[in-house]
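Novice: Only the shape, not the letters, is given here:
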């Protein structure tokens, strides 16, 4: 597969993913899932589908194997689409931009991890046993180091072996009940090991930074994960009032926000959706849940089929080997192609000196006799058509546009 075709396929895959993600958003409105765990699994499944569709769909033959209109394309490099842009082709420029974006996102992720390490080193330890958090770690069977930092705008949790909960200065101004609600939320993140999932999601977002569907779905996954934690906090506290008040109080503070790869209490403007779900008291029956999931899955599969057929990926060319593998007897009967006539093109000295180059599309038609006796006495009518696309020395600056006059008429060779 050529670099240009690979870049084209990336664009097609992004469009397919965007159509799938859009269909999933519409289906979530039509067939809502009020349970946070189901919503989390749904969005994770949609993300997996977006990543898998380019690999499981049948690829169309590349444009080289298709029937094209023969054209003579010899033009200045900057004016010809797909040809050299300076010394780089446009496909190479696009590939360079993609790689630069991946490196920039990776650098941002490393800088975020370094910021967390700096915040941890400069933070002030908070002893839970001497605050309203006493006994909370034993209740949740989870331990973490609570630190107060001026560098974070809201609570943030990170670390696996030695988890850390960074708390803003505003946390100290909250009453004991709200402090306990915020700390419960962060400890549940530690128990669920959400920081590892956060790192994996940030790595995926860095690798596929150019795919808007991935970022959209990662945002929905993070929202669903926070809603799962919200549900667990309300269950642990035995009520939702104190927790809702703590969320609203943290949102009211005019705090600095920095992008860090950690599980945050408030992020990406998810507060409204989380509060709305906490205030709802809707219970879905099992039959309704299964019907919504089944309908959503069915329509999502149909959307994936439409997206794959509308924007197909290309690259798997159909040739003699593919025909033999598929059992095409007619392809076997033709035999291996052989060269009938070959003319070596002349590169004029003037064009070579000026370093003129171009692309030539040659259309060669080799007709056969109208009727030809066969071994069985029947007749067959056929014609062959050959297409070639190759790099060709650019013509010299003559009136006809060719170094040695206009090309001769196509030759007929009887076989």
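Specialist: Cool, got the structure. It should be emphasised that the depicted structure is a prediction, and the values quoted were computed from it without experimental measurement.
Novice: gap between the nearest residue to residue 176 once chain neighbours are set aside and residue 182?
Specialist: Of all residues not flanking residue 176 in the chain, residue 132 sits nearest, at 3.4 Å (CB to CB, 6 or more residues apart in numbering). C-betas here are computed from N, CA, C, even on glycine. Distance of residue 132 to residue 182, given as CB to CB, to the nearest Å: 10 Å.
Novice: Look at the two and report which has more neighbours.
Specialist: More crowded of residue 132 and residue 182, by other CB atoms under 10 Å: residue 182, with 25 against 16.
Novice: In which helix or strand does the more buried one reside?
Specialist: Residue 182 belongs to helix 176-192 when assigned by DSSP states H and E.
Novice: Can you give the contact residues for that helix?
Specialist: Helix 176-192 is contacted by residues 128, 131-133, 136-137, 140-144, 146, 155, 157, 163, 165, 167, 171, 174, 195, 229-230, 232-233, 236-237, 242-243, 245-246, 249-250, 263, 265 when judged by CB atoms under 8 Å, 6 or more residues apart in numbering.
Novice: switch to 6 Å and redo it
Specialist: 132-133, 136, 140, 142, 144, 155, 157, 163, 165, 229, 232-233, 236, 242-243, 245-246, 263 (CB atoms under 6 Å, 6 or more residues apart in numbering).
Novice: Now list the buried members of these.
Specialist: 132-133, 136, 140, 142, 144, 155, 157, 163, 165, 229, 232-233, 236, 242-243, 246, 263 (16 or more other CB atoms under 10 Å).
Novice: Low-confidence regions, the stretch 51-200 of the chain specifically.
Specialist: Applying pLDDT under 70 to the stretch 51-200 of the chain flags the ranges 61-86, 129-130.
Novice: could you pull out the strands for it?
Specialist: 72-73, 84-85, 88-89, 124-126, 145-148, 156-158, 164-167 (DSSP state E, counting those that start in this stretch).
Novice: now those strands in TSV, with distance to residue 24?
Specialist: As requested, the strands of the stretch 51-200 of the chain are exported to TSV (distance: least, CB to CB, whole Å):
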stretch	distance to residue 24
strand 72-73	42
strand 84-85	37
strand 88-89	36
strand 124-126	41
strand 145-148	38
strand 156-158	28
strand 164-167	33
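Novice: For residue 270, which of the ones you listed is the nearest?
Specialist: strand 156-158 (14.8 Å; CB to CB).
Novice: so what secondary structure elements neighbour the closest one?
Specialist: helix 176-192 (3 or more CB pairs under 6 Å, 6 or more residues apart in numbering; DSSP states H and E).
Novice: again, only using 7 Å
Specialist: Under the contact criterion of 3 or more CB pairs under 7 Å, 6 or more residues apart in numbering; DSSP states H and E, strand 156-158 touches strand 164-167, helix 176-192, strand 263-264.
Novice: picking that back up, from the contacts of helix 176-192, which land in helices?
Specialist: Counted as lying in helices by DSSP state H, out of these, are 136, 140, 229, 232-233, 236, 242-243, 245-246.
Novice: Tell me which two of those residues sit farthest apart.
Specialist: 140 and 245 (20.4 Å).
Novice: So for residue 295, which of the helices and strands packed on strand 156-158 sits nearest?
Specialist: Closest to residue 295 of the helices and strands packed on strand 156-158 is helix 176-192 (CB to CB; 29.6 Å).
Novice: Quick check: buried residues in the helix or strand where residue 201 lies?
Specialist: Using DSSP H and E, residue 201 sits within helix 194-207. In terms of neighbour count (16+ other CB under 10 Å), helix 194-207 has its buried residues at 194-195, 197-199, 201-202, 204-206.
Novice: Adding distance to residue 99, write those out as CSV.
Specialist: Formatted as CSV, the buried residues of helix 194-207 follow (distance: CB to CB, whole Å):
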residue, distance to residue 99
194, 30
195, 28
197, 26
198, 24
199, 21
201, 21
202, 18
204, 17
205, 16
206, 12
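Novice: Could you double-check that residue 225 sits in contact with residue 195?
Specialist: No: using CB atoms under 7 Å as the test, residue 225 is too far from residue 195 to be in contact (11.5 Å).
Novice: Show me this structure divided up by domain.
Specialist: Per automatic domain parsing, the domain ranges recorded for the chain read 92-213+232-274, 337-415.
Novice: Go through this protein and flag its longest helix.
Specialist: Determined from DSSP H, the single longest helix within the chain is helix 90-122.
Novice: tell me which residues in that one are buried?
Specialist: Buried positions in helix 90-122, judged by neighbour count with 16+ other CB under 10 Å: 90-92, 94-95, 98, 105, 108-109, 112-113, 115-116, 119-120.
Novice: Equivalent analysis for stretch 178-194, please.
Specialist: Buried residues in stretch 178-194, counted by 16+ other CB under 10 Å: 178-192, 194.
Novice: Find the nearest non-adjacent residue to residue 223, please.
Specialist: Excluding the flanking residues, the one nearest residue 223 by CB to CB, 6+ apart is residue 270, at 4.7 Å.
Novice: wait, doesn't that neighbour sit right on residue 226?
Specialist: Yes: shown here, residue 270 and residue 226 form a contact pair, counting by CB under 7 Å, at 6.0 Å.
Novice: Looking only at neighbour counts, state which of the two leads.
Specialist: Taking other CB under 10 Å, residue 270 and residue 226 do not tie; residue 226 has more neighbours (26 against 17).
Novice: Counting neighbours, what do you get for residue 19?
Specialist: When counting by other CB under 10 Å, one arrives at 20 neighbours for residue 19.
Novice: Just give the nearest non-adjacent residue to it, would you?
Specialist: That would be residue 307: by CB to CB, 6+ apart, it lies 4.1 Å from residue 19.
Novice: Report how many residues lie close to that neighbour.
Specialist: Using other CB under 10 Å, residue 307 has 23 neighbouring residues.
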